[in-house]
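Asks: Structure for the following, please:
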Amino acid sequence: MDYQNEHENCCFYHVFRTFVCVVLSLLLGLQVYTYFVGPQDALEGDFTDIKYMVIQLTKGLTEVNRKHETLKREMERISESLPAVAAAAGRAKDALEPSRRGVRHPLDLHDYDRQMADYALETAGARIVDTGETLEHIVYDSPVSWVLHMISSALCRDCPGASSIIRPGTLPGECWAFRGSRGEATIRLLGTVHVHGVSLEHIPPHISPTREISSAPRSFQLEGLEFRGDPYGHDFGIFEYNKDGKPVQYFEVLHPSSKGFSLVRLKIYTNWGHSVYTCVYRVRIHGELVSDQSRPTSLPMKDDGLRIENE
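Replies: Predicted coordinates:
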């Protein structure tokens, strides 16, 4: 049986090979006949068309290569500019961060005073007018200095050291130190101001003599007052200073007011753990100064001046 199958396969192979040879011979003969007997003009025309097509294809490939090189150079240029674009996007994001209401954000110390006006600056006309029941923390050199301080405290509620919080300069020790963790200071601004934000400043730990700032304020509140000692001031919000953040930290008011204030009260409620005293280095008040045209007509200028003098 196997021998019969093998014989059949061999016959089929010979038949197929013969068929292929015959077909190839016929095709070859046809080509030879066409070359020697057929019209030469038609043959030359075919070669001319082929040559034209080859030339067009060559031009197309050259144009494709040129565009590829141009695209490659553009991609390389874009790749080189991506780091600069990412850096610019980062700077834009940092610049937009302060616009988020109620969010604390750190600002560079040197750029801060050039970017935002401070309406609580003593050199511009602001001053401390009251510190309530706050007691200054003073290391007395002698009993006489202690007696003099007690007399001055009884005669004037304005702690002399509190003025340091509205003065430029925040070297170690240039602060208002008061006993415990609770204190307050009323600031007369340089004019009537629509208050938009407040900033608090403290020295960083690396320049502190003790290498820590547990005496820094933590929780504090800002109020707008109609008059000195106003018990129902407008609450701008309660904020928290982060001792691990930047030295200058800005806080946008949580409860804005449509009216302006010439007096604001800063209340410190807690510090970062110091059991003896709290240090406040500098306070800045930011906003927009109210123009003279926006003053109420029912309050004459002279009455306002008298009210200031009576305070």
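
Asks: what about Arg66, how many residues close to it?
Replies: 10 (other C-beta atoms under 10 Å). In this view, the C-beta of every residue, glycine as well, is placed from N, C-alpha and C.

Asks: Just the element for it, please.
Replies: Assigned by DSSP states H and E, Arg66 belongs to helix 40-96.

Asks: Lowest mean pLDDT among the helices and strands of this structure, which one is it?
Replies: Sorted by mean pLDDT, DSSP states H and E, the helices and strands of the chain end with helix 301-310, the least confident at a mean of 37.

Asks: can you give me the helices in the protein?
Replies: Per DSSP state H, the chain has helices spanning 2-37, 40-96, 109-115, 143-155, 301-310. These are given in chain order.

Asks: For those helices, which has the smallest mean pLDDT value?
Replies: Per-segment confidence across the helices of the chain bottoms out at helix 301-310, which has a mean of 37 in mean pLDDT.

Asks: so how far is Ile268 from His234?
Replies: As judged by C-beta to C-beta, to the nearest Å, His234 and Ile268 stand 18 Å apart.

Asks: Those two: which has the busier surroundings?
Replies: Here His234 and Ile268 are set side by side on neighbour count (other C-beta under 10 Å), and the busier one is Ile268, at 23 against 19.

Asks: Could I get the contacting residues of the more buried one?
Replies: Phe178, Ser181, Arg182, Gly183, Glu184, Pro217, Ser219, Phe220, Thr278, Val280 (C-beta atoms under 8 Å, 6 or more residues apart in numbering).

Asks: beta partners for the first one?
Replies: On the basis of DSSP bridges, Phe178 is bridged to Glu136, Thr278.

Asks: I'd assumed Glu136 was in contact with it.
Replies: Yes. Using C-beta atoms under 8 Å, Phe178 makes contact with Glu136 at a distance of 5.6 Å.

Asks: all strands for the stretch 201-311 of the chain, in order.
Replies: Along the stretch 201-311 of the chain, the stretches classed as strands by DSSP state E, counting those that start in this stretch are 219-225, 234-240, 248-252, 261-268, 277-280, 282-289.

Asks: what does the last one rub up against?
Replies: Here strand 282-289 makes contact (C-beta under 8 Å, 6+ apart) with 116-121, 164-168, 170, 185, 187, 189, 191-201, 250, 260, 264, 266.

Asks: swap the cut-off to 6 Å and go again
Replies: Taking contacts as C-beta atoms under 6 Å, 6 or more residues apart in numbering, the residues outside strand 282-289 that touch it are 116, 118-120, 165, 170, 191, 193-199, 201, 264, 266.

Asks: For Glu240, see how far away Gln249 is.
Replies: Between Gln249 and Glu240 the distance, using C-beta to C-beta, works out to 9 Å.

Asks: And the contacts of Ile268, which is closest to Ala92?
Replies: Comparing the contacts of Ile268 against Ala92 with C-beta to C-beta places Phe220 closest, at 30.8 Å.

Asks: partners of that closest one in the sheet?
Replies: Assessed by DSSP bridges, Phe220 has beta-bridge partners Phe239, Ile268.

Asks: burial count for it?
Replies: Using other C-beta under 10 Å as the criterion, Phe220 is surrounded by 23 other residues.

Asks: Need the pLDDT of it.
Replies: The score at Phe220 is 97. That number is its pLDDT.

Asks: Residue numbering should commence at 875 henceforth.
Replies: From this message on, residue numbering opens at 875, which makes the last subject Phe1094.

Asks: follow-up on the earlier one: ranking the contacts of Ile1142 by neighbours, who comes first?
Replies: Of all those, Gly1057 has the most neighbours under the rule other C-beta under 10 Å, reaching 28 neighbours.
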